[in-house]
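**Student:** need coordinates for the following:
(2 chains)
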Amino acid sequence: MKTLEEIIRGCQSGRQADQQLLYEKFSAKMYAICLRYTRDRTEAEDVLHEGFIRVFGAIRDFRGSGSFEGWMRRIMVNSALERFRRQHWLFPVEEIEEDAAVDWNGPEQVLGLSELLNMVSELPPRYRMVFNLCAIEGYPHHEVAGMLGISEGTSKSNLARARAILQRRLGHEYRHPGDNVNDYGRHG
Amino acid sequence: MDGMDKHPLDAFFRESLSEAGVQPPARSWERLQSGLAARRRKKAVIWWRSAAAASLLLLGFGAGYLLSDDVAERQPSLAAETILPLQSGTPSTSSPQAPEPATSTRSATPVKGEGNPEPPHLANATQSRGSARNPRSSEGRSKVDLQDFRTEEGLLATSGENRSLPLYLGSTPFTAFPVATTGSAPPYLRGRSAFAARILDPSWLREGMEEVEERAFRLSLGGDVSPLLAMNAPGTGMDASQELVTNSASTFSAQGTEKPRMTFTAGLEASLSLSRRLAVNAGLAFARLGQETEGAGLARDISNYWGPLNSYSILTGAGPVVLSSEQAAQLDYGSGPLTTSEMSNTQVVQQFDYLELPLMVEASLLDRSLRLSLEAGLSAGILVGNRAFVTAGGDRMEVSGTEGLRPLLWQGLAGMGLHVPLGPAWEVSLRPGLRYALSPMNSDGQFPYQPWGATLGTGLRYTLK
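**Tutor:** Numbers count the residues shown, from 1 in each chain, chains lettered A, B, ... in the order given. Okay, the predicted model is just below:
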């Protein structure tokens, strides 16, 4: 069983067997990230593909300082961001007026991973980006604003609105499981 | 952190999703494998293409530099040193005969024109330059006797409504105008190919619009350089020069020849794609246009027509170049009266610098691994530089620029482009083009000077994501 360091060195030398090992080791986690940042599986596969192509292209520059998984993760997030910017730089995402989320004390029933991923991916594009970057990755608003080309205030309000939608969806899922209502359709 | 992540909903999603894993479909790995293989192949291709692009750019810059006549003139070996033998005697101002051709009788012993005493100020100016500068002057050549021109006064003067110039240097329809490259390539968009036969079909031009909208309008930035040779417009410069030569033929002839002249142009441009087929290109280019005349002669201005009273002028298709008496005296034609032969040894180079603002529409005809396009549009050129150089007897001297130029020059442009992608963002282009001046560059209505020419631009372009 090869260690991660050995696999990385193999990839740095361009060995295809090691590339496959690396893919097998990390593809599930990276795919889950891609699913969160995209609207559907097809798009997530595209981002995963672009991300791995970049990983293998840039792996020679990975010097082993810091977490390799964190490095890959950043590449995937950047691929998703780039795709988002490409799609939305001239046609900004519409603002949707939503009430800000208020108190919330956890889901009222246990939800599966796929339901939660769907909820995030079905958010309107920019809310989805802001929610992922701020709430899940933990980036501060001023950095998220820079990444998305929006103001810090917009980032904050987008996050609040994303929370409101998710909160409603969580309640909705609880009350009406199987109902496929979402807020995404108008932005398709 | 802004404290926002402390929200319980954020924490819930983070805990649930940040370390989650979902197995991607098996086809993802297969796709990745083929993508990596394609990338390896592409890398090799890109290397070769980059090498080809670099060579092409070097060729473009190199050609622009080396072929530039400005550069050639700075090479001493290329300077006009071919002074012809002198003719004795004075050109007859009363003779109806045409002047002697340049190949006419040689005189072994230079004889100063006795009937044309040299004006003291000119004599001093010329003699003071000494023979060291031009050894030939001590070997049988003396200074040009500008007094010769006095005999032409009645003819040089413009009279009444007939303001046609008595002396004209151009006898061919060719004049040199390097042309600025304009236009640019739309962004590199992959897609199906289309062919020229369909270009007039509006639906074809709209094709791919949805695709572009999805990708958003794309902006490209680039630049190119172009060596260029261009010629005077048939029917304008040619007719004017013939008329002028005819008018002067019976009195004084300087059978000047306007020659093509090569200089360089360079520009930056931005391109916005409107559809997969159509793009609008705008830019800013520097164009050094030029005119070159072999066989120039001086006409003294006794009517304050081209320059100050009694200054000397060299009359060209683009306009007169005015010299002061002192400058005229410094032109070392050799000894004796100025002859046709000597005049044909004088070269005038006019240099016009324009800042050009081209606006082009471009249609892609073929878009595969190479892209082929057609482009056409307009360019507004603002005159920012106007210089003139006179070479006689091996001496080059800068004189005042050309008189009577308009500050603005409108030109129509058309061309085609061959674009080679160097990856998703970069592309290198080779763009042959033609241009024609829609407005005369000079303000003298009698001799509208509208040059045309061809460019061969070499450019590099980057498409913004």
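**Student:** regarding residue A:79, which helix or strand does it belong to?
**Tutor:** helix A:68-88 (DSSP states H and E).
**Student:** okay, buried residues for that helix please.
**Tutor:** By neighbour count with 16 or more other C-beta atoms under 10 Å in any protein chain shown, helix A:68-88 contains the buried residues A:68, A:71-73, A:75-77, A:79-81, A:83-84, A:87-88. (Glycine included, C-beta is placed from N, CA and C.)
**Student:** would JSON lines of those with pLDDT and distance to residue B:317 be doable?
**Tutor:** Putting those into JSON lines (pLDDT from 0 to 100; distance: C-beta to C-beta, whole Å) gives the following:
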{"residue": "A:68", "pLDDT": "91", "distance to residue B:317": "72"}
{"residue": "A:71", "pLDDT": "92", "distance to residue B:317": "67"}
{"residue": "A:72", "pLDDT": "93", "distance to residue B:317": "68"}
{"residue": "A:73", "pLDDT": "92", "distance to residue B:317": "69"}
{"residue": "A:75", "pLDDT": "93", "distance to residue B:317": "63"}
{"residue": "A:76", "pLDDT": "94", "distance to residue B:317": "66"}
{"residue": "A:77", "pLDDT": "94", "distance to residue B:317": "65"}
{"residue": "A:79", "pLDDT": "93", "distance to residue B:317": "60"}
{"residue": "A:80", "pLDDT": "93", "distance to residue B:317": "63"}
{"residue": "A:81", "pLDDT": "91", "distance to residue B:317": "59"}
{"residue": "A:83", "pLDDT": "89", "distance to residue B:317": "58"}
{"residue": "A:84", "pLDDT": "88", "distance to residue B:317": "59"}
{"residue": "A:87", "pLDDT": "78", "distance to residue B:317": "56"}
{"residue": "A:88", "pLDDT": "71", "distance to residue B:317": "56"}
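**Student:** say whether chain B is contacted by the helix holding residue A:79.
**Tutor:** Yes: Helix A:68-88 is in contact with chain B by C-beta under 8 Å from any C-beta of the partner chain, via A:82, A:85, A:86, A:87, A:88.
**Student:** what number of residues lie near the closest residue to residue B:423 other than its chain neighbours?
**Tutor:** Spatial nearest neighbour of residue B:423, excluding adjacent residues (C-beta to C-beta, 6 or more residues apart in numbering or on different chains): residue B:46 at 5.9 Å. Number of residues near residue B:46 (other C-beta atoms under 10 Å in any protein chain shown) recorded here: 16.
**Student:** if we can go back for a sec, packing partners for the helix holding residue A:79?
**Tutor:** If contacts are counted by 3 or more C-beta pairs under 8 Å, 6 or more residues apart in numbering or on different chains; DSSP states H and E, helix A:68-88 sits against helix A:16-37, helix A:41-58, helix A:125-130, helix A:141-148, helix B:209-215.
**Student:** can we see that at 10 Å?
**Tutor:** helix A:4-12, helix A:16-37, helix A:41-58, helix A:125-130, helix A:141-148, helix B:209-215 (3 or more C-beta pairs under 10 Å, 6 or more residues apart in numbering or on different chains; DSSP states H and E).
**Student:** just name the most buried of those helices.
**Tutor:** Across the helices and strands packed on helix A:68-88, averaging neighbours per residue (mean count of other C-beta atoms under 10 Å in any protein chain shown) puts helix A:125-130 on top, at a mean of 25.
**Student:** isn't residue B:451 up against residue B:354?
**Tutor:** No: checked against C-beta atoms under 10 Å, the pair residue B:451 and residue B:354 is beyond contact range at 11.4 Å.
**Student:** which neighbours do those two have in common?
**Tutor:** Residues touching both residue B:451 and residue B:354 (C-beta atoms under 10 Å, 6 or more residues apart in numbering or on different chains): B:289, B:409, B:411, B:441.
**Student:** can you tell me which of those is nearest chain A?
**Tutor:** residue B:411 (32.1 Å; C-beta to the nearest C-beta).
**Student:** low-confidence stretches in chain A?
**Tutor:** Residues of chain A meeting the criterion pLDDT under 70: A:89-110, A:172-188.
**Student:** spatially central residue for it, please.
**Tutor:** What sits nearest the mean C-alpha location of chain A, by C-alpha atoms, centre = their mean, is residue A:37, with 3.0 Å.
**Student:** does the longest helix along chain A reach chain B?
**Tutor:** Identified as the longest helix of chain A according to DSSP state H is helix A:152-175. Yes: under the criterion of C-beta under 10 Å from any C-beta of the partner chain, chain B is reached by helix A:152-175 at A:152, A:155, A:156, A:159, A:160, A:162, A:163, A:164, A:166, A:167, A:170.
**Student:** domain-wise, how is chain A divided?
**Tutor:** Chain A resolves into domains spanning A:4-88, A:113-187 when parsed by automatic domain parsing.
**Student:** looking at these, which is nearest to residue B:376?
**Tutor:** Residue B:376 lies closest to domain A:4-88 among these, at 30.2 Å (C-beta to C-beta).
**Student:** run the chain-centre distance for that closest one.
**Tutor:** Centroid displacement of domain A:4-88 relative to its chain, using C-alpha atoms, centre = their mean, to the nearest Å, is 13 Å.
**Student:** mind putting the domains of chain A into TSV with distance to residue B:55?
**Tutor:** Shown next, in TSV, are the domains of chain A (distance: least, C-beta to C-beta, whole Å):
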stretch	distance to residue B:55
domain A:4-88	26
domain A:113-187	38
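**Student:** out of these, nearest to residue B:24?
**Tutor:** Nearest to residue B:24 among those is domain A:4-88; the distance by C-beta to C-beta comes to 4.1 Å.
**Student:** gap between the two ends of that closest one?
**Tutor:** 37 Å (C-alpha to C-alpha, to the nearest Å).
**Student:** got it, and stretch B:272-285?
**Tutor:** Length of stretch B:272-285, first residue to last, C-alpha to C-alpha: 18 Å.
**Student:** is it positioned near chain A?
**Tutor:** No: for a cut-off given as C-beta under 10 Å from any C-beta, stretch B:272-285 has no contacts with chain A; the smallest distance is 10.6 Å.
**Student:** and chain A, which of the shared contacts of residue B:451 and residue B:354 contact it?
**Tutor:** Of these, not one also sits near chain A (C-beta under 10 Å from any C-beta).
**Student:** filter these to the buried ones?
**Tutor:** Neighbour-count burial (16+ other C-beta under 10 Å) applied to the shared contacts of residue B:451 and residue B:354 gives B:289, B:409, B:411, B:441.
**Student:** count the neighbours of residue B:266 for me.
**Tutor:** Using other C-beta under 10 Å, residue B:266 has 19 neighbouring residues.
**Student:** can I assume it is in contact with residue B:223?
**Tutor:** Yes: Residue B:266 is within contact range of residue B:223, at 7.0 Å (criterion: C-beta under 10 Å).
**Student:** re the thing from before, which one of the buried ones among the shared contacts of residue B:451 and residue B:354 is nearest residue A:118?
**Tutor:** residue B:411 (59.2 Å).
**Student:** list the beta-bridge partners for that closest one.
**Tutor:** residue B:379, residue B:437 (DSSP bridges).
**Student:** that one touches residue B:380, doesn't it?
**Tutor:** Yes: in this structure, residue B:411 is within contact of residue B:380 by C-beta under 10 Å, at 8.1 Å.
**Student:** joint contacts of the two?
**Tutor:** With C-beta under 10 Å, 6+ apart, residue B:411 and residue B:380 have common neighbours B:354, B:356, B:358, B:439.
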